[in-house]
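> Could you work out the structure for the sequence below:
(chains A and B)
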Amino acid sequence: MTLISRHPWHLVAGLVIWAIWFVVVYGGLSVACQVSPPNPEQGLLNWISISLILMTLGVVILLCACAIQGYKLIPNATSGSRFIIQIATAVYAFAAFSTLVIGFATLTVVPCL
Amino acid sequence: MNNDLSLHSQFAKVWDNLPGWGQLAAVNHTSISRRFMITGAVFFVIGGVLAMLIRSQLALPQQELISPELYAQLFTMHGTVMMFLFAIPILEGAAMYLIPKMIGTRDLVFPRLSALGYYCYLFGGIIIMTSLFLGIAPDSGWFMYTPLSSAKFSTGPGSDFWLLGITFVEISAVSAGVELTVSILRTRAPGMSLSKMPIFCWYILAMALMIVFGFPPLILASILLELERAAGMPFFNPDAGGDPILWQHLFWLFGHPEVYIIFLPAAGIVSTIIPVFAGRPLVGYRWIVLAIITMGFVSFGLWVHHMFTVGIPQLAQAFFSVASMLVAIPTAIQVFAWIATLWTGRVRFELPMLWIFGFLFIFVCGGLTGVMLALVPFDWQVHDTHFVVAHFHYVLIGGMLFPLIGGLYYWLPHLSGRMPTMQMGRWAFWLIFIGFNATFLMMHLTGLLGMPRRVYTYEPELGWDWLNMLSSFGSFIMASGFGMLFLDVILHFRYGQKATFNPWQADTLEWATGTPPTSYNFLRIPTVTTRHPLWDTPKVEPKVENDGQGLEDISHGRRELYGTHAVTGKLMEVIHIPSHSWLPLISASFLALLCISLLSRAYLLALGVTALAALSLFRWAWVNGAHRVMAPLSDKELQRREPKLHSRTLSGPGLWGMVITLLSDGSLYLSLVFGWLYLWTVAPNSKVPDVATVSLSVMALSGVFLTIAVVLYGQIVKRLRSGNATKLVSQLSRVFAFGLAHLLLLIYLTATTDLAITTSAHDAALLVMLMFLLFHSSIAVVMTGLQIVRAAKGFISQTLPYEPAVLNPFWVFTAGIFWVSFACFLILPRVW
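Predicted structure coming up:
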């Protein structure tokens, strides 16, 4: 499946995905805590934490896949498109890293406290 | 040579401003940007005087130089003036001055918009400052937290001055954001692909897009708070389902990116100056582009770190804490790239470099305290203390003001044709550098000792006395440094040595325009083949080697630019732009009157002035395209060896401007949807909104008419794209009829729905949503009506297909927000 091309949209696509994930995770957490807060004694084994972890992993895998595909495209890119693909690849990688480190908090902090 | 002289005089006739009072009708980017910068400098002096008053009051404990009421006005106005009336406008002014010259073109792409933006800024600034001179200035802090700024606790008109005045100024900022974005993307010199663009343009592109997305949340918040104060709509009142924390979210959704909106252009100045004085290209151009893009995005994910003490869940605090630390990565990339450039270059220690070194020292310190503040427990300890004040002054003065002054000295020969003097410049630098550190380093300590911000005095023997005295002493040293700086700049206009061509041996195209530049920048538009045009072809203007002729023919009397491909820089069309015009001044004057009439609660007058403003804006829209004063059709245009004029195509700057404006509009709309969902789910007395009073069937029918209009309009554009313009007037009339039916139903629905807008925040939000839809639908319908007349007059035709292509995205957007509103505001609560 082609995830990345030389279209300039990819200069920002990784971070757009990151931003959507961030809004969904933060907004979803706030609403979920209002609607159905889990018992704090459950610790991290609750529906909110598990949902957030799964969502984070899914997004990280997607972003990493884009970054890897972009990296493979670089050697064969024309001089005109190499610039776009190089930056886009780095942006996908940075977005994956950002998602992972921010999402890591879901493994350490019990939600809704 | 003689040919060139004759050409220059012909160009000057077309491009120069009108003499005398006619200067007020100027739209040229060089003139407008200078006005932005000079006005910004005046506001800086005013803001500085306010700061000196504050420091005078705090120099000793229990002083009574200034009353607590006046003190509250002073610190509110100091922050407001510095953030909204100095920092953003002066950087926008600098960008507006430099960008066209750097990208090898003659002007910005929407010159009348530049002029409108300037007048909105000037009038808005004057309106806000008037409140200070009348003694009724806002006094709730520059971020205007509710409920302190609400009608209950701020009974005077101070908050109204802030809300209306700042919204007025923000029109200017957003218009500059749109203009800079489109100019950078679509008017670069032929051959200047994205990878060959000067690094400064990347920074300004990011800043402009951040303004486009970042300012609308505050515009919405200001409108909501003003509606609460003036009409009693309780958006921020928990008793009626509102929430004061909603204001904080909307404010900081704007407020945190604002810091980076200020920092990025300043960092762009640093990235431009360092390679010139290091005598080598910037190390890691691609890395810096990556850092700019990531910084622009991540800065939107930090806003809650200003709200760590308001009771956000711990996990959410952790998200924002980590995100706040993440922003250190792109910052560090830039700092290391600058150091590597200096390390590997042969550095010349000219005056601008002094300021760059000052920047590096102070900004790194401010960045480190920023990382400290990103840690939640530390933030809790020092929240609302002088430590925070010290931190953000290190970031803003170090990160923005020092590079700005470095840039001032660097581009001074470009503005004046004369070189700055080292002697006074050095004195100014050291006075400011020492004074700044004496002032704000001390504040870290007073903050750590527990001194809260915004207190007008303090008890002796708390251990804060000598630190405050030293801080105030330092501030006066800094002020004397600024006095020296202003004196130096003023004197250099008379006594400075004449600047030679490209005096600093820079690589970018602005130095090819002459010092000072002509009103049209380039006689012939250059072709760019390298990232460093002036290093590769020193002392000569780049040769014309493109598909066109460099636009050196001016016999048509039009102001023209090249339109190029956004990515590759390939030549696409010739963009004709308007000449001097009184419309920006007239429109801005009506808008200022509207602001004043709203301030004085004279709503009938406001209605009348709105109508006048609308009329002048419609006149603006009318004098476009093939209108006789713009670019009427002629046989000559087909004979010259240049691409088509943009109004004869389907993709010109207007289309790009429309799309970028709609992105900003969309950001405002999403903020409204966020507010609606927030009040519904998170506010203290939140509950599922009761939307039963709004008739679903009438709304749905109205939406069906709108959708038909949008589909029909899309078909018109499709036909024009394939070269078919038959029955244009009747087709546009059908769109107009369906649009009007939709609009009338929407008006009927709004007028007949029984909403308790003063007792329910949900109902008040519903009304704002309906008004938002009405506003957009009205514009779409009226503009289509205008196009019917224009088509009948021959301004839209097979040869002139441009205008429907520009309006089409607006129709689509109008339908989009209608159906999203239908789902979010009316269906979702019913099925919840």
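
> Residue B:26: what's it in contact with?
B:17-18, B:32, B:115, B:580 (CB atoms under 8 Å, 6 or more residues apart in numbering or on different chains). The C-beta positions use only the backbone N, C-alpha and C, and glycine is treated the same way.

> Which members of these are the farthest-apart pair?
B:18 and B:32 (14.0 Å; CB to CB).

> neighbour-wise, which of the two wins?
Neighbours were counted for residue B:18 and for residue B:32 using other CB atoms under 10 Å in any protein chain shown; residue B:32 has more, 26 against 13.

> Next one: the more buried one from residue B:330, what distance?
32 Å (CB to CB, to the nearest Å).

> do the same with residue B:61
Counting by CB to CB - residue B:61 and residue B:330 are separated by 43 Å.

> got it, and residue B:567?
Taken as CB to CB, the span from residue B:567 to residue B:330 is 23 Å.

> of those two, who's got more company?
Using other CB under 10 Å, the more surrounded residue of residue B:567 and residue B:330 is residue B:330, with 24 against 18.

> residues touching that one, list them.
B:290-292, B:294-295, B:298.

> now do residue B:156
Counted by CB under 8 Å, 6+ apart, residue B:156 has contacts residue B:136.

> Let's see that with 10 Å instead.
By CB atoms under 10 Å, 6 or more residues apart in numbering or on different chains, the contact set of residue B:156 is B:131, B:135-139.

> Likewise for residue B:94?
B:33, B:36-37, B:40, B:200, B:204, B:265-266, B:268-269, B:404, B:407-408, B:411.

> residues near residue B:17, how many?
Residue B:17 has 17 neighbouring residues, counting by other CB under 10 Å.

> what's the answer for residue B:63, then?
14.

> pretty sure it is in contact with residue B:456, am I right?
Yes. If you go by CB atoms under 10 Å, residue B:63 and residue B:456 touch, sitting 8.7 Å apart.

> all helices for chain A, in order.
Taking DSSP state H, the helices of chain A run over residues A:10-35, A:47-73, A:79-103.

> Now do the contacts for the residue in the stretch 351-500 of chain B positioned nearest to chain A.
Nearest to chain A, among the residues of the stretch 351-500 of chain B, is residue B:376, at 10.7 Å (CB to the nearest CB). Applying CB under 10 Å, 6+ apart, we find residue B:376 in contact with B:305, B:308-309, B:312, B:314, B:317-318, B:320-321, B:324.

> one more time with 7 Å, if that's ok
B:308, B:317, B:321 (CB atoms under 7 Å, 6 or more residues apart in numbering or on different chains).

> what do you get for residue B:276?
Counted by CB under 7 Å, 6+ apart, residue B:276 has contacts B:504-507.

> part of a strand, is it?
No. Applying DSSP: H, G, I helix; E, B strand; the rest coil, one finds residue B:276 to be helix, outside a strand.

> just to revisit the earlier point, can I get the contacts of residue B:26 in a markdown table including pLDDT and secondary structure?
What follows is those, written out as a markdown table (pLDDT from 0 to 100; DSSP: H, G, I helix; E, B strand; the rest coil):
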| residue | pLDDT | secondary structure |
| --- | --- | --- |
| B:17 | 95 | coil |
| B:18 | 95 | coil |
| B:32 | 97 | helix |
| B:115 | 97 | helix |
| B:580 | 94 | coil |
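
> Closest one to residue B:87 out of those residues, please.
Looking across those and measuring by CB to CB, the closest to residue B:87 is residue B:32, at 18.3 Å.

> list the contacts for the residue nearest to that closest one when sequence neighbours are not counted?
In space, and not counting its chain neighbours, residue B:32 is closest to residue B:114: 4.5 Å by CB to CB, 6 or more residues apart in numbering or on different chains. Contacts for residue B:114 were tallied using CB under 7 Å, 6+ apart; they are B:27, B:29, B:32, B:96, B:108, B:179.
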